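Trainee: I'll drop the sequence and a predicted model, then ask my questions.
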Amino acid sequence: MRTNYYDVLGVSPAATAAEIKARYLALMRRNHPDVNSSPMANRRAAELNEAFRCLTDPEMRRRHDEQLARRRAEAISVRSVALGRQRRGTSLALRRKRPFYRRYETQIAVIALVVATSAAAWRIEQDLLAQNRGNQFGQASPEDDGEARLAVAAISEASARETQAMPVVSQDAVASGVNAFRRISAGNDPAAVRAASVECHDQVGGEFASWENLDFCVAFDLAAFLAYARDGTTSVNTAYFVDRHDRAAHLYVSRVVSLEAIDRRLAFIRGLVEPKPAKVQRTPTQRVLHGIAKRGRNLLELVFDGDPESNDSQSADRDF
């Protein structure tokens, strides 16, 4: 195995298959040779394909994880053996009671060797990093950093344009999805709820599905997920809708590359679906007493603390 495929895709070892696929699609949109003129585009695309093929195959991913674990165990074993030898050598040197000027000559030589080796390794690493940066952008020149910044700015502008081009969430579609779940779940038939979700996903699976239909399906699944999460008696449906909840971003990936924009859209839909907490109703007397207590507390903090910055930080903590 040449490298760590999790590092190639930039995902954690605990990432789900949906997260791996979403990340792979996003990277391929940026590094595919058809859209990226860099000489390293073909090599980068091949690495992404190899990593995606390994991590999406359960058996290959299991062997990959075992090799990573074995590599970490071997590194720990080598380090423990080296530390044990160092301790034994130090204890023998102390027992021999050699003169001071000869007692630490071996340690000094080792330290000098380690320092020289570290300096050489650092220099080699810097040269390799400079070479890799030059290869990544197609040329090794002082303008590499400027080109890298231009590339990052272009990607940011593309993500901003996609965010602006994405239509706003249809609140009517979200409300329709929630009402559809309530209507179907009123019959106390979890199988019917699950069948409705499967049918909805089959309808929006095509590339011509509207954004309203996508929002409808996400709202339906989210309402079911919240309802079954509070009810532990339907474990099978709970697991199904947990999986739908985790893979909700995959519905939008084919239309929008920016995962940040998709997360904001899902968070907005969740805010519409989740029940709002009941607002505490206070009588006029309670409101007056609450205001007096709040101002008195602020006055005490100002008198005894005497630090405007600390007061600002405490007030900010209270706001959150």
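Mentor: That came through, no problem. From a predicted model like this one, the values you see are computed outputs, not experimental measurements. Numbering: from 1, shown residues only.
Trainee: can you give me the mean pLDDT across the top helix by length along the chain?
Mentor: Across the chain, the longest stretch assigned as helix under DSSP state H is helix 58-96. Mean pLDDT, helix 58-96: 77.
Trainee: One more: stretch 258-268?
Mentor: Per-residue scores along stretch 258-268 average to 80.
Trainee: what separates that stretch from the chain centre, distance-wise?
Mentor: Centroid separation for stretch 258-268 versus its chain: 13 Å, with CA atoms, centre = their mean, to the nearest Å.
Trainee: Name the residues of it that are buried.
Mentor: If you call a residue buried by 16 or more other CB atoms under 10 Å, then stretch 258-268 has these buried ones: 258-259, 261-262, 265-266. (C-beta placed from N, C-alpha, C; glycine too.)
Trainee: Among the residues you listed, name the ones in helices.
Mentor: Those of those lying in helices (DSSP H): 259, 261-262, 265-266.
Trainee: Need these in CSV (columns: distance to Met166).
Mentor: As requested, those are exported to CSV (distance: CB to CB, whole Å):
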residue, distance to Met166
Leu259, 12
Ala261, 6
Ile262, 9
Arg265, 7
Leu266, 12
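Trainee: So which of the residues you listed is the closest to Ala224?
Mentor: Using CB to CB, Leu266 comes nearest to Ala224 of these, at 15.2 Å.
Trainee: Please give me every residue in contact with the closest one.
Mentor: Leu266 makes contacts with 218, 248-249, as judged by CB atoms under 8 Å, 6 or more residues apart in numbering.
Trainee: how near is it to Thr283?
Mentor: For Leu266, the distance to Thr283 equals 39 Å [CB to CB, to the nearest Å].
Trainee: Over to Ser118?
Mentor: 72 Å.
Trainee: what does Pro275 give?
Mentor: 25 Å.
Trainee: Which strand or helix spans the residue lying closest to Phe220 once chain neighbours are set aside?
Mentor: Spatial nearest neighbour of Phe220, excluding adjacent residues (CB to CB, 6 or more residues apart in numbering): Gly177 at 4.0 Å. Per DSSP states H and E: Gly177 is located in helix 171-185.
Trainee: where does the stretch 201-320 of the chain dip in pLDDT?
Mentor: By pLDDT under 70, the low-scoring segments of the stretch 201-320 of the chain are 206-208, 230-237, 254, 257, 277-280, 305-320.
Trainee: Which parts of it are helices?
Mentor: 211-230, 235-246, 250-253, 259-273, 284-305, 308-319 (DSSP state H, counting those that start in this stretch).
Trainee: Make CSV from those helices and add distance to Ser80 to it.
Mentor: Output for these, formatted as CSV (distance: least, CB to CB, whole Å):
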stretch, distance to Ser80
helix 211-230, 45
helix 235-246, 39
helix 250-253, 44
helix 259-273, 41
helix 284-305, 51
helix 308-319, 45
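Trainee: looking at those, which is buried most?
Mentor: Among the helices of the stretch 201-320 of the chain, ranked by average contacts under mean count of other CB atoms under 10 Å, first place goes to helix 211-230 (a mean of 21).
Trainee: so what secondary structure elements neighbour that helix?
Mentor: helix 171-185, helix 190-203, helix 235-246, helix 250-253, helix 259-273 (3 or more CB pairs under 8 Å, 6 or more residues apart in numbering; DSSP states H and E).
Trainee: what does it rub up against?
Mentor: Contacts for helix 211-230 (CB under 8 Å, 6+ apart): 166-167, 169-170, 172-178, 180-182, 185, 190, 193, 196-197, 200-201, 203-204, 234, 237-238, 241-242, 244-245, 248, 251-252, 255, 266, 269-270, 272-274.
Trainee: Now do that helix: distance to the chain's middle.
Mentor: Worked out by CA atoms, centre = their mean, helix 211-230 lies 23 Å from the chain centre.
Trainee: domains for the protein, by residue range?
Mentor: The chain resolves into domains spanning 5-97, 171-273, 287-319 when parsed by automatic domain parsing.
Trainee: and Glu157, which of the ones you listed is closest to it?
Mentor: domain 171-273 (11.3 Å).
Trainee: Do me a favour and get the end-to-end distance for that closest one?
Mentor: 10 Å (CA to CA, to the nearest Å).
Trainee: Measure how far that domain is from the centre of its chain, please.
Mentor: 22 Å.
Trainee: Could you do stretch 32-49 as well?
Mentor: For stretch 32-49, the distance to the chain centre is 23 Å (CA atoms, centre = their mean).
Trainee: For that stretch, what does the pLDDT average out to?
Mentor: 86.
Trainee: Quick check: buried residues in it?
Mentor: Those would be 36, 40-41, 44-45, 47-48, for stretch 32-49 by 16+ other CB under 10 Å.
Trainee: Mind putting these into a markdown table with distance to Leu68 and secondary structure?
Mentor: Formatted as a markdown table, these follow (distance: CB to CB, whole Å; DSSP: H, G, I helix; E, B strand; the rest coil):
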| residue | distance to Leu68 | secondary structure |
| --- | --- | --- |
| Asn36 | 29 | coil |
| Met40 | 25 | coil |
| Ala41 | 27 | helix |
| Arg44 | 22 | helix |
| Ala45 | 23 | helix |
| Glu47 | 17 | helix |
| Leu48 | 19 | helix |
